[in-house]
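Participant: Give me the fold of what follows.
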Amino acid sequence: MPNLLLLHLHLPVLRATSLKRESYSRKEEDDAEKERQKAERYKVAFALDQQWIGLEKEKFELKRMIE
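Facilitator: Numbering: from 1, shown residues only. The predicted structure is shown next:
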């Protein structure tokens, strides 16, 4: 019977440990998703910057042609 008593005493600890692992795992997944979204935002911002630079070059060339 002592083993049953020990198991009964350790069960809450085991549950808490399991919940902590799940919470940590969920946090890692959330952090990875945030990093993926951040990388996607940077990629979009870079593409927009490149597009803006292209338009500015085109504008400059058109002004040179007019003058």
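Participant: how far away is the residue nearest to the spatial centre of the chain from Q50?
Facilitator: With distances taken as Cα atoms, centre = their mean, K34 lies nearest the centre of the chain, 1.7 Å away. Separation of K34 from Q50 (Cβ to Cβ, to the nearest Å): 25 Å. Using the backbone N, CA and C atoms, a C-beta is placed for each residue, glycine as well.
Participant: for R64, same thing?
Facilitator: Relative to Q50, and taking Cβ to Cβ, R64 is found at 21 Å.
Participant: can you check K20 too?
Facilitator: 45 Å.
Participant: any low-confidence regions in the chain?
Facilitator: 1-11, 13-14 (pLDDT under 70).
Participant: Please enumerate the helices of it.
Facilitator: 2-66 (DSSP state H).
Participant: Dump stretch 32-40 to PDB, keeping only the CA atoms.
Facilitator: Output in PDB follows, covering the C-alpha atoms of stretch 32-40 (Å, rounded to 0.1, in the frame of the first residue of the first chain):
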ATOM      1  CA  ALA A  32       7.600  30.300 -33.900                       C
ATOM      2  CA  GLU A  33       4.400  31.600 -35.500                       C
ATOM      3  CA  LYS A  34       5.200  35.100 -34.400                       C
ATOM      4  CA  GLU A  35       8.700  34.900 -36.000                       C
ATOM      5  CA  ARG A  36       7.200  33.500 -39.200                       C
ATOM      6  CA  GLN A  37       4.700  36.400 -39.300                       C
ATOM      7  CA  LYS A  38       7.500  38.900 -38.600                       C
ATOM      8  CA  ALA A  39       9.600  37.500 -41.400                       C
ATOM      9  CA  GLU A  40       6.600  37.700 -43.800                       C
END
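Participant: So for that stretch, what gets flagged as buried?
Facilitator: Within stretch 32-40, no residue is scored as buried using 16 or more other Cβ atoms under 10 Å.
Participant: contacts for that stretch?
Facilitator: Stretch 32-40 is contacted from outside by no residue at all, using Cβ atoms under 8 Å, 6 or more residues apart in numbering.
Participant: For it, what is the distance to the chain centroid?
Facilitator: How far stretch 32-40 lies from its chain's middle: 3 Å, per Cα atoms, centre = their mean, to the nearest Å.
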